[in-house]
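Undergrad: my questions concern the predicted model and sequence given below.
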Amino acid sequence: MNKTTIIIITVCFSFLVVLYSAILQTEPEETIKIHYDAPFWIAMQCFCAQWLTAKFHQKLTVNSNIAIPTSTHYIKVFVLSNLCFVFPLTVLTLLIEWAFGYQEIDKSHILALTISLFLLHTLNGGAVIALKLIENLNFQQLDLELTKKALLENQVKQLQKQLDPHFLFNNLNTLSALIISKPEMAENYLDTFTNIYRYVFDSQKLETITLDQEISFAQDYMSLLNQRFAGAYHLSMDYKRELDLEYLTLPCSLQLALENVIKHNQGDKENPLPIKVEINGAWLNIHNKIRPKSYVKASSGFGLKNLEIRSRSILGKPIELNKTASDFTLKIPLIRP
């Protein structure tokens, strides 16, 4: 709440207090009498109560060196500001009334004056404390959101870094096998592998990349795998418009999807396993028939978990998995540049 709004509310409150007080003091058949300077003095007292409460809050926060004030802190602020408001103003008011003879001073008048000032501070000081509590809650909420975001960004970076050893390990194994069994193919494999690894290295610092680049990378990746598995897997692409290739997706997301298919499904040269990649609206769908391998190493689910976290964080949507008895589809969200 800004200062102008607080001033307007305080002035309106002062007029209402004076009007209510005048009504209470007026007999049924009398005309309501209002002292037109009264709202000004009430408003000054309200501003004084608000200022004292804000100052005590500031001073106690600095002295106690606390980042998040507790309920004890707010109780101290209320009590101290109330004492500093009620008693000096009570004495000052009584002195003025005594000096100018405005009011007969007795115990009941002193008690009524003290109670009215106490209530005035309670309403104004309480409002200040309530606003400080709301500010504190908003600050904590913002701090919590920033902490969550920082943790998530750090988690995504760590996941991106972990692509390297995983990817490198698999392909060096393949290269090692080719050097021994098919040395004539090893050189081409190494060239393609170098290009792929350069893509992985360059895309580490990127949150998104164009679908055109990701598909080219995935095709190179599949060419390596087909050398390793002798054409056991067949990749096909289906998109209707060149414009669709301008969509943005996660770097290496298609490679992770293809790796997941090959890890769990058996293909062979005579009957290659078809893997279809298609763009359907703002989704990249990777579809394959299920042909379970006779032996699959225990999976940690790291690949799809990695994809899920990055997708939620960067693309704003989770990935989707559709699995039937015969088919498996992984859907990765796409965003426009």
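TA: Cool, the structure landed.

Undergrad: what number of residues lie near T192?
TA: T192 has 16 neighbouring residues, counting by other Cβ atoms under 10 Å. All C-beta spots, glycine's among them, are computed from the backbone N, C-alpha and C.

Undergrad: what's the answer for E320, then?
TA: Neighbours of E320 (other Cβ under 10 Å): 14.

Undergrad: residue ranges with poor pLDDT in this protein?
TA: Applying pLDDT under 70 to the chain picks out residues 1, 32, 34, 65-67, 149-167, 295-302.

Undergrad: helices of that one, start to end?
TA: Along the chain, counting by DSSP state H, helices occupy 3-25, 38-64, 71-100, 107-181, 183-203, 211-229, 253-264, 302-310.

Undergrad: who wins for proximity to E320 among these?
TA: helix 302-310 (10.0 Å; Cβ to Cβ).

Undergrad: can you tell me how far N82 is from S326?
TA: 76 Å (Cβ to Cβ, to the nearest Å).

Undergrad: higher neighbour count, the two?
TA: N82 (20 against 8).

Undergrad: excluding chain neighbours, what is closest to the more buried one?
TA: H121 (5.0 Å; Cβ to Cβ, 6 or more residues apart in numbering).

Undergrad: Throw the helices of the chain into TSV and include distance to Y239, thanks.
TA: Below are these laid out as TSV (distance: least, Cβ to Cβ, whole Å):
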stretch	distance to Y239
helix 3-25	55
helix 38-64	59
helix 71-100	60
helix 107-181	25
helix 183-203	20
helix 211-229	8
helix 253-264	13
helix 302-310	20
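
Undergrad: any idea which of those is most buried?
TA: helix 253-264 (a mean of 20; mean count of other Cβ atoms under 10 Å).

Undergrad: show me what it is packed up against.
TA: Applying 3 or more Cβ pairs under 8 Å, 6 or more residues apart in numbering; DSSP states H and E, we find helix 253-264 packed against helix 107-181, helix 211-229, strand 233-238, strand 273-280, strand 283-289, helix 302-310, strand 327-333.

Undergrad: touching stretch 117-133 from outside, list them.
TA: Contacts with stretch 117-133, where a contact means Cβ atoms under 8 Å, 6 or more residues apart in numbering, come from 1, 10, 13, 17, 42, 45-46, 49-50, 52-54, 57, 69, 74, 77-78, 81-82, 85-86, 89-90, 93.

Undergrad: just stretch 89-106 next, same as before
TA: 45, 48, 109-110, 113-114, 117.

Undergrad: let's go with 10 Å and repeat that
TA: 41, 45, 48-49, 109-118, 120-121 (Cβ atoms under 10 Å, 6 or more residues apart in numbering).

Undergrad: repeat for stretch 13-24
TA: Stretch 13-24 is contacted from outside by 32-47, 116, 119-120, 123-124, 127, using Cβ under 10 Å, 6+ apart.
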